[in-house]
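[1] Sharing a model prediction with you, sequence too.
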Amino acid sequence: MNVLSKIIAVHSYKGGTGKTILSVNLAATLAKQGKKVAIFDLDFRAPSLFAILRCEKARVWLNDYLNDKCGINDVLVDLSSRITGNGKLHAGLANPSIIAMKDMTTKDRQWEMHALTHITSLKKKLIDEQKFDYIVFDTSPGIQYSSMNAIVAADFVVVTTTGDRSDITGTKSMLSEFYKLFETKTGLVMNKVLDEEARSNNPEYVKKIKETYKVPLLGVVPCFCEVLKAGGQYLFPEDKPDHPFTQLLHEMANKIEKNDVH
């Protein structure tokens, strides 16, 4: 099988789409399927992976790597013990301190270009040299430099959106005006879907979504109360293997791996 997608960026127009929960559980799904996976928090202005993955005691951050203070192996936290099976899961976390978040807002374009060099070099350092199967970027929402860096470096971009009117409008605009600058393969995830017709993947609904956003549809995720209540405390592929959300995650991961998104 010819696997083309190695670096996956998960992006959204605005916050509140469930982007980070999807990023974490997609990475966990790939690890559960026996892959060696690294997930990175590129949402430097509102980092959350450290809390979701319960890594509050991390002492070396992705910020340090981008600031040339350490190597990428110093950043990676091994979370493989949380996944049964032969897969591996590692994480690179953004510094959640107020000082670090404020510092990231002061970076100029020259620093961002330097950061892009570091981000793109991860493919050589982790995939080529250390044989990671996948790198997953949890990006900042909207058009931030860190998001653009992730999209430039990615082989595949998962765009998460919801039925919120402002999200629909903003996502359409972002896809047509921003994404056309790049040739990265893209798949849309409709998340937190309430409409019963949509929940059943009705062909007419799928056709409507594709016509509205003009990108391939990767998946439709209903608004599961259990996912909302969990607040990120579960890795669903491991902790809730029989949950419908877990089944959808496996379907999306398989589509990405087989390059079968249309």
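    Cool, the structure landed.
[2] so where do the strands sit in the stretch 101-250 of the chain?
    When assigned using DSSP state E, counting those that start in this stretch, the strands of the stretch 101-250 of the chain occupy the ranges 134-139, 156-161, 185-193, 217-222.
[3] Out of the ones you listed, which one sits most buried?
    A comparison of the strands of the stretch 101-250 of the chain by mean neighbour count, using mean count of other C-beta atoms under 10 Å, puts strand 134-139 on top with a mean of 27. For every residue, glycine as well, the C-beta is placed using N, CA and C.
[4] Run the angle between that one and strand 156-161 for me.
    Between strand 134-139 and strand 156-161, the angle comes out at 40 degrees (axes from the mean of the first three to the mean of the last three C-alpha atoms, to 10 degrees).
[5] Strand 134-139 packs against which elements?
    Using 3 or more C-beta pairs under 8 Å, 6 or more residues apart in numbering; DSSP states H and E as the contact test, the elements touching strand 134-139 are strand 7-12, helix 19-32, strand 36-42, helix 145-153.
[6] what is the rounded mean pLDDT of it?
    Confidence for strand 134-139, expressed as mean pLDDT, is 96.
[7] That strand pairs with which strands, and in what direction?
    Using DSSP bridges, strand 134-139 pairs in its sheet with strand 7-12 (parallel), strand 36-42 (parallel).
[8] Give me the contacts around it.
    5-11, 19-20, 23-24, 26-27, 30, 35-43, 49, 119, 122-123, 126-127, 146-147, 150-151, 153-154 (C-beta atoms under 8 Å, 6 or more residues apart in numbering).
[9] Write the PyMOL selection for whichever of the residues you listed are buried.
    In PyMOL, a selection of the buried entries from these looks like this (16 or more other C-beta atoms under 10 Å):
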select buried, resi 5+6+7+8+9+10+11+19+20+23+24+26+27+30+35+36+37+38+39+40+41+42+43+49+119+122+123+126+127+146+147+150+151+153+154
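[10] any low-confidence regions in the chain?
    With pLDDT under 70 as the threshold, the chain has low-confidence stretches at 1-5, 56-57, 183, 195-201.
[11] and with 80 instead?
    With pLDDT under 80 as the threshold, the chain has low-confidence stretches at 1-5, 56-58, 179-184, 195-202, 231-232, 260-262.
[12] in it, which spans are helices?
    Taking DSSP state H as the test, the helices found in the chain are 19-32, 49-52, 62-66, 72-75, 98-105, 109-122, 145-153, 165-177, 196-199, 203-213, 225-230, 236-239, 244-257.
[13] Return the set of buried residues in the fourth one.
    Counting neighbours by 16+ other C-beta under 10 Å, one finds that the buried residues in helix 72-75 are Ile72, Val75.
[14] which residues are in contact with that helix?
    The set of residues external to helix 72-75 that reach it, using C-beta under 8 Å, 6+ apart, is Val60, Trp61, Leu62, Asp64, Tyr65, Gly92, Leu93, Leu122, Lys125, Leu126.
[15] Just put these in CSV and tack on distance to Glu211.
    Rendered in CSV, the data for the contacts of helix 72-75 read as follows (distance: C-beta to C-beta, whole Å):
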residue, distance to Glu211
Val60, 46
Trp61, 42
Leu62, 38
Asp64, 45
Tyr65, 42
Gly92, 37
Leu93, 39
Leu122, 36
Lys125, 41
Leu126, 38
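[16] most remote residue from this structure's center?
    For the chain, the C-alpha lying farthest from the average C-alpha position belongs to Glu204; by C-alpha atoms, centre = their mean, that distance is 27.7 Å.
[17] I'd like to know how far that residue sits from Glu211.
    Using C-beta to C-beta, to the nearest Å, we find Glu204 at a distance of 11 Å from Glu211.
[18] That'll do, ta.
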